[in-house]
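Participant: Can you look at this prediction? I've put the sequence above it.
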Amino acid sequence: MGWMKLGKVLVALFIVSILALSVYGFSDQDREPEYRWTFGEEQDNTPPLQTITLKKDTLEIKNLKNLIVSKVKNTRSMFPLIKPHAITLEKPVSDLATLQEGMIVTYRKFIPEKNEEEYIMHMIIAKKQEGEKWFFQMQGINNPEPDPVWVQGENIISEFVGVINPIE
């Protein structure tokens, strides 16, 4: 009887380990985010997801329409609010005029050397409007100085609404 319980415990630990690795990955510190999902859109005639619930210690997120879930790479600019390899919850920005100083947003930045876009999550510290266009000055909460270039409004993708940090 004791061996059977031990076997069940080992199988349960193995399954939990596999699930943890699938969410947080291995300890590769410099890898890129593995996924960026949007809930609430119909795909393949599947109805939109409305709620995520984790039992045991209870995590419940309701009203997931258009929620963006992203895994963050190893970053220190938003530490301790957002830890390396955290999962962030974001919502799309529909009206740039509603963005205020102190809000945290994700914006897209083109990196010419790599010929690719990078996604950066920083806090808005100032905003200005020139004609019809909005511009935002950004800064990581752990950075001593603001980002050197103002971000054009059309490059802002989403607004931060929450974070699930890895357990240390």
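Facilitator: Thanks, I have the structure now.
Participant: Any regions of this structure where pLDDT drops low?
Facilitator: 1-65, 168 (pLDDT under 70).
Participant: can you pull out the strands in the chain?
Facilitator: In the chain, strands defined by DSSP state E lie at 36-38, 51-54, 59-62, 68-71, 87-92, 104-111, 116-130, 133-139, 151-152, 156-164, listed in chain order.
Participant: Now render the ones you listed as TSV, adding distance to residue 80 and mean neighbour count.
Facilitator: No exception for glycine: its C-beta is placed from N, CA and C like everyone else's. Formatted as TSV, those follow (distance: least, Cβ to Cβ, whole Å; neighbours: other Cβ atoms under 10 Å):
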stretch	distance to residue 80	mean neighbour count
strand 36-38	23	14
strand 51-54	23	11
strand 59-62	20	11
strand 68-71	18	20
strand 87-92	14	19
strand 104-111	13	17
strand 116-130	14	15
strand 133-139	16	18
strand 151-152	23	18
strand 156-164	11	18
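Participant: Quick one: closest of these to residue 78.
Facilitator: If you check each of these against residue 78 by Cβ to Cβ, strand 116-130 wins as the nearest, at 6.0 Å.
Participant: Please work out the angle formed by the directions of the closest one and strand 156-164.
Facilitator: Following axes from the mean of the first three to the mean of the last three Cα atoms, to 10 degrees, one obtains 110 degrees for the angle between strand 116-130 and strand 156-164.
Participant: got JSON lines for the strands of the chain, with distance to residue 145 too?
Facilitator: Below are the strands of the chain laid out as JSON lines (distance: least, Cβ to Cβ, whole Å):
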{"stretch": "strand 36-38", "distance to residue 145": "28"}
{"stretch": "strand 51-54", "distance to residue 145": "37"}
{"stretch": "strand 59-62", "distance to residue 145": "34"}
{"stretch": "strand 68-71", "distance to residue 145": "25"}
{"stretch": "strand 87-92", "distance to residue 145": "23"}
{"stretch": "strand 104-111", "distance to residue 145": "16"}
{"stretch": "strand 116-130", "distance to residue 145": "10"}
{"stretch": "strand 133-139", "distance to residue 145": "7"}
{"stretch": "strand 151-152", "distance to residue 145": "15"}
{"stretch": "strand 156-164", "distance to residue 145": "20"}
